[in-house]
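> sequence first, predicted coordinates after that:
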Amino acid sequence: MNTQDHDRFPDGRAVVVTGGASGIGQAIAEAFRAAGDRVAVLDRAGGDGVIAVDVADEDSVRNGFAAARAHLGPIDVLVNSAGLLTESPLEQMPLALWNETIAVDLSGVFLCCREVVGGMRRQKWGRIINIASQLAIKGGVGLSHYSAAKAGVIGMTKSLALETAADNVLINCIAPGPIETPLVDGISDTWKVAKRAELPLGRFGTPAEVAPTALLLANDPGGNLFVGQTLGPNSGDVMP
């Protein structure tokens with residue numbers, strides 16, 4: 001946190017990170033802790049110091065956020081990083097695979113945002129950062145379900161940002177390019193080789209290279225003018 005943030009939150013902000021047990025979410029959680037914030041991690045895996053939550057399940061989300069509030073108090077910052085990534089050509093894609101991806105990657109963001117927006121509006125301060133993907137903008141072979149879900153996240157972020165900005169609740173997206181995470185490990189080597197060849201940087205990013213963008217969007221005054229925006233640490237894969 002910077003000086004202004006410390007004056008507002010002398011004990012650190014109350015931050016919830018979904019999908020925070022690995023990958024981008026874990027790096028973001030660690031970055032907020034290093035900045036002096038109090039962080040609750042929600043993740044389907046559960047585990048030591050992690051609240052077990054399935055973001056696709058309404059009751060699980062409700063219970064998980066109740067546990068986070070019991071630990072942290074009112075939530076100041078939410079980072080929606082929980083996600084699912086699978087690969088299938090559309091004509092061969094089972095409906096169950098499509099539905100699973102939409103449930104986790106889009107409906108899960110909706111459910112988690114809904115848990116915190118009211119409290120943030122009442123306290124007249126809040127930041128929500130939704131992790132989308134550059135594939136929401138350009139699409140990806142074998143990833144129509146994932147691209148559709150992440151495009152939905154960007155659209156929902158813009159709409160919700162319009163609803164809440166007047167109450168100083170600022171909602172934005174990060175749309176990373178391919179990042180070296182367990183999520184991307186499940187994609188075929190053929191896809192990854194082809195994707196690296198497309199990137200101006202010639203390499204995938206790391207979670208630690210994405211986390212500072214989340215800190216920027218959450219900071220005061222650094223993030224104060226971002227409303228419904230999509231920031232893209234993506235190795236040059238998309239240049240809007």
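Great, that's in hand.
> doesn't Trp125 make contact with Asp76?
Yes: Asp76 lies in contact with Trp125 (Cβ atoms under 8 Å); the separation is 6.7 Å. (C-beta placed from N, C-alpha, C; glycine too.)
> of those two, which one has the most company?
Neighbour totals were compared for Asp76 and Trp125, and Asp76 leads with 24 against 18 (other Cβ atoms under 10 Å).
> just give the closest residue to the more buried one, not the sequence neighbours.
Among residues not flanking Asp76 along the chain, Arg13 sits closest, at 4.1 Å (Cβ to Cβ, 6 or more residues apart in numbering).
> for stretch 127-139, measure first residue to last.
Taking Cα to Cα, to the nearest Å, stretch 127-139 runs 27 Å from one end to the other.
> check the offset of it from the chain's centre.
Centroid displacement of stretch 127-139 relative to its chain, using Cα atoms, centre = their mean, to the nearest Å, is 8 Å.
> before we move on, the earlier item: I'd say the residue nearest to Asp76 and Asn219 touch.
No: between Arg13 and Asn219 there is no contact under Cβ under 8 Å: 9.7 Å.
> mind checking what helix or strand follows the helix or strand of the chain with the lowest mean pLDDT in sequence?
Lowest on mean pLDDT, DSSP states H and E among the helices and strands of the chain sits helix 3-8, with a mean of 64. Counting by DSSP states H and E, the element after helix 3-8 in chain order, helix or strand, is strand 14-18.
> ok, and what's touching the helix or strand following that following strand?
Using DSSP H and E, the helix or strand that follows strand 14-18 towards the C-terminus is helix 23-34. Helix 23-34 is contacted from outside by 13, 15, 17-20, 39, 41, 43, 77, 79, 81-82, 131, 176, 179, 181-183, 206-208, 210-212, 214-215, 218, using Cβ atoms under 8 Å, 6 or more residues apart in numbering.
> among the residues you listed, which lie within strands?
Judged by DSSP state E, the contacts of helix 23-34 include Val15, Val17, Thr18, Val39, Val41, Asp43, Val77, Val79, Ile131 as members of strands.
> can you pick out the most distant pair from the residues you listed?
Asp43 and Val77 (16.8 Å; Cβ to Cβ).
> how far off centre is stretch 41-54?
On Cα atoms, centre = their mean, the centre of stretch 41-54 falls 15 Å from that of its chain.
> repeat for stretch 199-213
15 Å.
> next one: stretch 112-132
13 Å.
> again, but for stretch 156-172
From the chain centre to the centre of stretch 156-172 is a distance of 15 Å (Cα atoms, centre = their mean).
> and stretch 213-224, by the same measure?
That offset, for stretch 213-224, works out to 15 Å (Cα atoms, centre = their mean).
> pull the residues that contact it.
1-2, 4-5, 8, 13, 15, 28, 31-32, 35, 77, 79, 127, 129, 170, 172, 174, 226, 231, 233.
> same question, stretch 86-100
56, 84, 101, 141-146, 186-188, 191.
> now do the helices in the protein.
In the chain, the segments counted as helices under DSSP state H are 3-8, 23-34, 58-72, 95-102, 108-123, 135-138, 144-164, 182-185, 189-198, 207-218.
> if we can go back for a sec, so what does the residue nearest to Asp76 look like in phi/psi?
Main-chain torsions, Arg13, degrees, to the nearest 10: phi -70, psi 150.
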